[in-house]
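Asks: Kindly return the folded structure for what I paste below:
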Amino acid sequence: MIDLDLLRTDPDRVRRAIRAKRTGDGSEVDALLAADARRRDVVTRLQEVQEQMNAASRAIGDLFKAGKKDEAAARREEAARLKDEVKALEADERAADAEARRLLLEIPNPPHESVPPFNVDGPDGNTVVFEWGEPRRSTYFELLPHWELIKMHGLTHHGLVDFERGTKVTGAGFPFYIGKGARLQRALIALFLELADDAGYTEVQPPLLVNEASALGTGQLPDKEGQMYHAQTDDLYLVPTAEVPLTNLYRDEIFDVSDLPRLVAGHTPCFRREAGSYGKEVRGLNRLHQFDKVELVRFVHPDVSYEALEELREDAERAIRALGLPYRRLLMCESDLGFTPAKKYDLEVWSAGQQRWLEVSSVSNFEAFQARRAGIRFRPEGGGKPQPVHTLNGSALALPRIVAALLENGQQADGSVVLPERLAALAGFDRIG
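Replies: Have a look, this model is predicted:
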């Protein structure tokens with residue numbers, strides 16, 4: 001949620017943010033300003049009437065003591081009328097607050113000044129700022145995409161990933177992981193949590209269902225309600241990412257400044273409807289409705305949040321390098337930031353069988369946007385009014401495309417797949433096939 005002071009003092013910046021993130025045309029700002037003005041008018045009138053009512057109440061006793069019963073009775077009638085007006089104004093204030101908050105929740109987080117504008121350095125404006133490793137190109141044998149490798153090894157080793165039976169049991173996008181496929185998943189989760197522990201994160205095992213307040217807190221609502229699975233009977237949502245429960249772990253709480261930074265990490269399955277997704281780019285493991293991911297979340301002092309963003313990015317990249325996968329870092333432009341981040345990096349690994357890059361992580365700084373929505377604050381050193389913390393999160397990492405890249409980049413001429421050494425130690429095998 002944006003700062004209302006920003007809206008009041010620099011509404012043009014908010015309009016630019018809305019247009020840059022392509023969430024509207026900017027007219028939302030005028031509606032919100034009008035709602036904010038109505039709310040403040042109601043509050044001002046309410047305070048005036050409350051003062052009049054209190055003055056009338058005090059006068060009643062004095063008039064009775066002075067023997068002026070008729071005047072006291074008149075003031076009592078006035079106090080009763082003012083009391084009714086206060087009740088009506090309090091109802092108006094609640095309604096005005098609700099309307100202003102509803103509109104405020106629909107305003108995106110303005111991009112940080114370092115974020116490139118749309119269509120500056122290329123067709124989409126996203127800038128490749130770093131590359132690591134050498135992408136594997138065609139060799140003396142054909143490099144197969146991971147779905148062909150999965151099919152090949154499924155015939156001889158009783159399966160790695162079974163898409164067909166997953167479709168039978170649940171639906172498309174809900175595969176079974178079998179045998180070495182399941183062990184590979186478990187090893188990747190263990191590796192990523194081990195790396196998070198090494199970097200100082202506290203491991204958390206969060207719930208897999210969250211309430212509406214949690215989804216509002218991190219900005220999934222009202223922006224992404226169509227992408228979440230909703231258990232309507234209990235009005236709960238399956239987590240689209242561990243970011244939601246991990247960030248809301250401290251909702252409506254106040255940190256002492258000495259408690260910052262607070263770093264937490266968690267593994268969860270993630271559930272996303274991915275409505276409208278189709279085509280070759282979502283084939284195999286490229287896009288699923290259920291997948292596993294390790295998420296890193298930081299709660300930091302506002303003065304250091306951009307240093308924390310680079311540290312968080314390095315934590316995610318360290319996990320990719322541990323697997324030896326070629327990758328690149330993109331600085332995302334305004335139109336690809338999404339609703340909640342002020343600045344975001346995407347990390348993409350090389351897919352040797354598909355000869356393209358696959359996104360495996362987004363690393364974002366939300367500044368105070370989520371903290372205002374979720375009521376996560378800290379007490380400044382030396383006292384003073386509690387202030388919103390800055391929140392950051394990053395995937396380290398999402399498993400499906402990592403598995404795809406491991407299979408495709410590790411494939412050998414005989415069809416077998418060699419695993420990186422550190423992962424092999426956790427999986428209990430160094431080769432598939």
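Asks: for the helix or strand of the chain with the lowest mean pLDDT, which positions count as buried?
Replies: Least confident element among the helices and strands of the chain, by mean pLDDT, DSSP states H and E: helix 146-157 (a mean of 82). Within helix 146-157, the residues scored as buried using 16 or more other C-beta atoms under 10 Å are 146-154. Any C-beta I mention is one placed from the backbone N, CA and C, and that applies to glycine too.
Asks: Make JSON lines out of those residues and add distance to residue 12.
Replies: Formatted as JSON lines, these follow (distance: C-beta to C-beta, whole Å):
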{"residue": "146", "distance to residue 12": "48"}
{"residue": "147", "distance to residue 12": "49"}
{"residue": "148", "distance to residue 12": "53"}
{"residue": "149", "distance to residue 12": "53"}
{"residue": "150", "distance to residue 12": "52"}
{"residue": "151", "distance to residue 12": "55"}
{"residue": "152", "distance to residue 12": "58"}
{"residue": "153", "distance to residue 12": "57"}
{"residue": "154", "distance to residue 12": "57"}
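Asks: Just give me the closest of these to residue 218.
Replies: residue 146 (31.1 Å; C-beta to C-beta).
Asks: next SSE after the helix or strand hosting residue 426?
Replies: Using DSSP states H and E, residue 426 sits within helix 421-427. Downstream of helix 421-427, the first helix or strand assigned by DSSP H and E is strand 431-432.
Asks: what sits against residue 199?
Replies: 263, 315, 318 (C-beta atoms under 8 Å, 6 or more residues apart in numbering).
Asks: Just the ones in helices from those, please.
Replies: Among the contacts of residue 199, DSSP state H puts 315, 318 in helices.
Asks: Which of the contacts of residue 199 ranks first by neighbour count?
Replies: Neighbour counts for the contacts of residue 199 (other C-beta atoms under 10 Å) peak at residue 315, which has 24 neighbours.
Asks: In contact with that one, which residues are there?
Replies: Per C-beta under 8 Å, 6+ apart, neighbours of residue 315: 195-196, 199, 201, 296, 394, 396.
Asks: tell me the mean pLDDT over the longest helix along the chain?
Replies: Secondary structure assigned by DSSP H gives helix 27-65 as the longest helix of the chain. Per-region confidence: helix 27-65 scores 85 on mean pLDDT.
Asks: helices or strands next to the following helix or strand past it in the packing?
Replies: Remark: after helix 27-65, the chain's next helix or strand is helix 69-104, criterion DSSP H and E. Here helix 69-104 touches helix 27-65, going by 3 or more C-beta pairs under 8 Å, 6 or more residues apart in numbering; DSSP states H and E.
Asks: can we see that at 10 Å?
Replies: Under the contact criterion of 3 or more C-beta pairs under 10 Å, 6 or more residues apart in numbering; DSSP states H and E, helix 69-104 touches helix 4-9, helix 27-65, helix 369-374.
Asks: Which neighbouring elements make contact with the helix or strand harbouring residue 330?
Replies: Secondary-structure assignment from DSSP H and E places residue 330 in strand 327-331. Applying 3+ C-beta pairs under 10 Å, 6+ apart, we find strand 327-331 packed against strand 127-132, helix 305-322, strand 343-351, strand 356-365.
Asks: Now do the second one against strand 127-132, angle only.
Replies: Taking axes from the mean of the first three to the mean of the last three C-alpha atoms, to 10 degrees, one finds that helix 305-322 is oriented at 40 degrees with respect to strand 127-132.
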